[in-house]
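Asker: Quick one: sequence and predicted model below, then my questions.
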Amino acid sequence: MGKGTVLNIISGIIVLAATFLLTWFTVGPAGASGIGLIKNLSDYFVNADTIAALWGVPSFVLYIVGGCYILFLASGVIMLLGIKSRIATIIGSLMPIGMCVAILFGSMDMPADIINYVGVFLDTDGIIPGIIPYTLELGPSGVVSLATIALGTYVLLGGGVLGLVSAFLDRD
């Protein structure tokens, strides 16, 4: 196995772990993670008209965003499929990188109505409360930030960048 293949496997596992086992950020007592997204995704589609009214966009925009969320949830598996195809690795790594950039820039000074935008990620229970998803808060990233960035954001970003780098290495 070449360096690209090994790094691809490692990055896919890191992205899967960061997506489903770690919290990306917290808003009050609720943590945002892939588990919360899975739990709330059906409500996101069922209540699309209400959420679209809160966002001030047409409801078809929410279906497009929901498709991106589903692609994001599958990005770790797509990266693992990238063992055979470089393009799958690139596509699989761009979604976690984009999500982390949105979280980091969005958390600098979150508006008061941020709950309307990130509510689909939030979950107060988790699978095993207090254990999975694991929450290690690293501190607010803005002066008046309502959210606290957690370890999962940086692990997810690292896995995405590692996957992107592995796409350009040899795959013997």
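Answerer: Nice, thanks for sending it over.
Asker: Could you use CA atoms for every contact and neighbour count after this?
Answerer: Noted.
Asker: for stretch 56-69, which positions count as buried?
Answerer: Buried residues in stretch 56-69, counted by 16 or more other Cα atoms under 10 Å: 59, 62, 66, 69.
Asker: ugh, typo on my part, it should be stretch 73-92
Answerer: Neighbour counts over stretch 73-92 (16+ other Cα under 10 Å) mark 73-83, 86-92 as buried.
Asker: taking those residues one by one, which sit in helices?
Answerer: Judged by DSSP state H, helices contain the following of these: 73, 75-81, 86-92.
Asker: Now the two most distant members of these.
Answerer: Pairwise distances across those peak at 19.2 Å for 73 and 86 (criterion: Cα to Cα).
Asker: related to what we said a few turns ago, tell me the one among the buried residues of stretch 56-69 nearest to residue 14.
Answerer: For the buried residues of stretch 56-69, the nearest to residue 14 is residue 69 (18.1 Å; Cα to Cα).
Asker: For residue 146, see how far away the closest one is.
Answerer: Shown here: residue 69 relative to residue 146, a distance of 23 Å by Cα to Cα, to the nearest Å.
Asker: And residue 158, by the same measure?
Answerer: 24 Å.
Asker: go on, residue 160?
Answerer: The spacing between residue 160 and residue 146, counted by Cα to Cα, is 26 Å.
Asker: go on, residue 93?
Answerer: Per Cα to Cα, residue 93 is found 28 Å from residue 146.
Asker: what about the two, which has more around it?
Answerer: Per other Cα atoms under 10 Å, whichever of residue 93 and residue 146 has more neighbours is residue 93, with 33 against 21.
Asker: Can you report how many residues lie near the nearest residue to that one once chain neighbours are set aside?
Answerer: The shortest distance from residue 93 to any non-neighbouring residue, by Cα to Cα, 6 or more residues apart in numbering, is to residue 160 (4.5 Å). Using other Cα under 10 Å, residue 160 has 32 other residues around it.
Asker: Where does residue 148 fall, secondary structure wise?
Answerer: Following DSSP states H and E, one finds residue 148 within strand 147-150.
Asker: Can I get stretch 33-48 as PDB, trimmed to CA atoms?
Answerer: Provided in PDB are the C-alpha atoms of stretch 33-48 (Å, rounded to 0.1, in the frame of the first residue of the first chain):
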ATOM      1  CA  SER A  33     -22.700  16.500  16.400                       C
ATOM      2  CA  GLY A  34     -23.500  14.000  13.600                       C
ATOM      3  CA  ILE A  35     -25.700  12.100  16.100                       C
ATOM      4  CA  GLY A  36     -27.900  15.200  16.600                       C
ATOM      5  CA  LEU A  37     -28.000  15.700  12.800                       C
ATOM      6  CA  ILE A  38     -29.300  12.100  12.300                       C
ATOM      7  CA  LYS A  39     -31.900  12.500  15.000                       C
ATOM      8  CA  ASN A  40     -33.200  15.800  13.700                       C
ATOM      9  CA  LEU A  41     -32.800  15.400   9.900                       C
ATOM     10  CA  SER A  42     -36.300  14.000   9.500                       C
ATOM     11  CA  ASP A  43     -37.800  16.900  11.400                       C
ATOM     12  CA  TYR A  44     -35.800  19.200   9.200                       C
ATOM     13  CA  PHE A  45     -37.500  17.900   6.000                       C
ATOM     14  CA  VAL A  46     -41.000  17.600   7.600                       C
ATOM     15  CA  ASN A  47     -40.900  21.200   8.900                       C
ATOM     16  CA  ALA A  48     -39.200  22.700   5.800                       C
END
